[in-house]
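*Asks:* pasting the structure only:
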Ligand SMILES: Nc1ncnc2c1ncn2[C@@H]1O[C@H](COP(=O)(O)OP(=O)(O)OP(=O)(O)O)[C@@H](O)[C@H]1O
Ligand SMILES: [Mg+2]
């Protein structure tokens, strides 16, 4: 359970296990609690009651810095620091000592996000939205996380660029074994990339399950209705 500052419950009675090595998507209407749930997973917020576990252990038992090295976060709008792409990636160790013992090289991180290695010399602020989001992703990979959380990473991108980013994320998970948890409003993306899906509404779990089953034959009428509405084009761009 999680509460806002006025003590209202934002999430309640929520119990869900996200598969290790999977690509989980969190879907649901605006205000459902998707971002709130994601924020609990790397302790940007702590639950007012209840426990979040990582590999069976409560995450509150680990130092926050160590946890955030293992659990990276990519936001909707990528923010670039001044300077080159390489500087944007190498800044990670100076931001609160979160560096991995054996961080990837800039070239390796760029390859993982499918950006040409020439990008390391480019001025980050001058990149396109899609390129910046890939740099933000590469930056998150500099700590060699085991879990990557993404909150609507394609919301500011046009559909074609967004789909390319989804394919990159899918390959990244397949090649590296990274566990991905992504919030999205675009059901087409959720279907394209995910292996597991979770639907929330009004702070409660509606349904969770393997993605192919979830999207083809949802177990609840509410999920079926939500997915059908998305397919008919009422899904926000
Ligand atoms: N810091 C906060 N203080 C007060 N209320 C909050 C806070 N964060 C979220 N809420 C409330 O909690 C509920 C869930 O918000 P949340 O941001 O998790 O929804 P969401 O599913 O991510 O929605 P969206 O799809 O619009 O991003 C909303 O009613 C929101 O107003
Ligand atoms: Mg949100």
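*Replies:* Looks like it arrived, so ask away. Everything numeric here is computed off the predicted structure, so don't read it as measured data. Numbers count the residues shown, from 1 in each chain. Ligands and ions are numbered 1, 2, ... in the order given.
*Asks:* Every contact and neighbour count from this point should use C-alpha atoms.
*Replies:* Fine.
*Asks:* how about the residues of this protein near ligand 1?
*Replies:* 4, 5, 10, 29, 30, 31, 32, 33, 34, 35, 36 (CA under 6 Å from any ligand atom).
*Asks:* top of those residues by neighbour count?
*Replies:* residue 34 (28 neighbours; other CA atoms under 10 Å).
*Asks:* Isn't it up against residue 27?
*Replies:* Yes - judged on CA atoms under 8 Å, residue 34 makes contact with residue 27 at a distance of 7.0 Å.
*Asks:* Now do the shared contacts for those two.
*Replies:* 183, 200 (CA atoms under 8 Å, 6 or more residues apart in numbering).
*Asks:* Quick check: bridge partners of the residue nearest the centre of the chain?
*Replies:* Compute the mean C-alpha point of the chain, and by CA atoms, centre = their mean the closest residue is residue 150, 1.7 Å away. Per DSSP bridges, the residues bridged to residue 150 are residue 74, residue 182.
*Asks:* before we move on, what about residue 53?
*Replies:* residue 58.
*Asks:* A strand includes residue 60, no?
*Replies:* No - secondary structure assignment (DSSP: H, G, I helix; E, B strand; the rest coil) places residue 60 in helix, not in a strand.
*Asks:* What is the burial count for it?
*Replies:* 16.
*Asks:* low-scoring pLDDT stretches of the protein, where are they?
*Replies:* 1-7, 93-100, 231-237 (pLDDT under 70).
*Asks:* all helices for it, in order.
*Replies:* Secondary structure of the chain (DSSP state H): helices at 34-41, 64-70, 85-90, 106-112, 129-141, 159-176, 187-193, 211-216, 221-229.
*Asks:* Dump those helices to CSV, plus distance to residue 200.
*Replies:* Converted to CSV, the helices of the chain look like this (distance: least, CA to CA, whole Å):
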stretch, distance to residue 200
helix 34-41, 7
helix 64-70, 24
helix 85-90, 34
helix 106-112, 31
helix 129-141, 25
helix 159-176, 21
helix 187-193, 14
helix 211-216, 13
helix 221-229, 9
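*Asks:* looking at the ones you listed, which is buried most?
*Replies:* Mean neighbour count (mean count of other CA atoms under 10 Å) peaks for helix 129-141 among those, with a mean of 24.
*Asks:* Helix 159-176 and that helix, what's the angle between them?
*Replies:* Taking axes from the mean of the first three to the mean of the last three CA atoms, to 10 degrees, helix 129-141 and helix 159-176 form an angle of 20 degrees between their directions.
*Asks:* now helix 129-141, how far from the chain's geometric center?
*Replies:* Remark: helix 129-141 is offset 12 Å from the chain centroid, using CA atoms, centre = their mean, to the nearest Å.
*Asks:* Inside strands: which ones of the residues of the chain next to ligand 1?
*Replies:* Within those, residues falling in strands by DSSP state E are residue 10.
*Asks:* Now the two most distant members of the residues of the chain next to ligand 1.
*Replies:* Farthest apart among these by CA to CA are 5 and 29. That separation is 21.8 Å.
*Asks:* burial measure for the closest residue to residue 224 other than its chain neighbours, as a count.
*Replies:* If the residues on either side of it in the chain are set aside, residue 224 comes closest to residue 218, at 5.6 Å by CA to CA, 6 or more residues apart in numbering. The number of residues packed near residue 218 is 18, by other CA under 10 Å.
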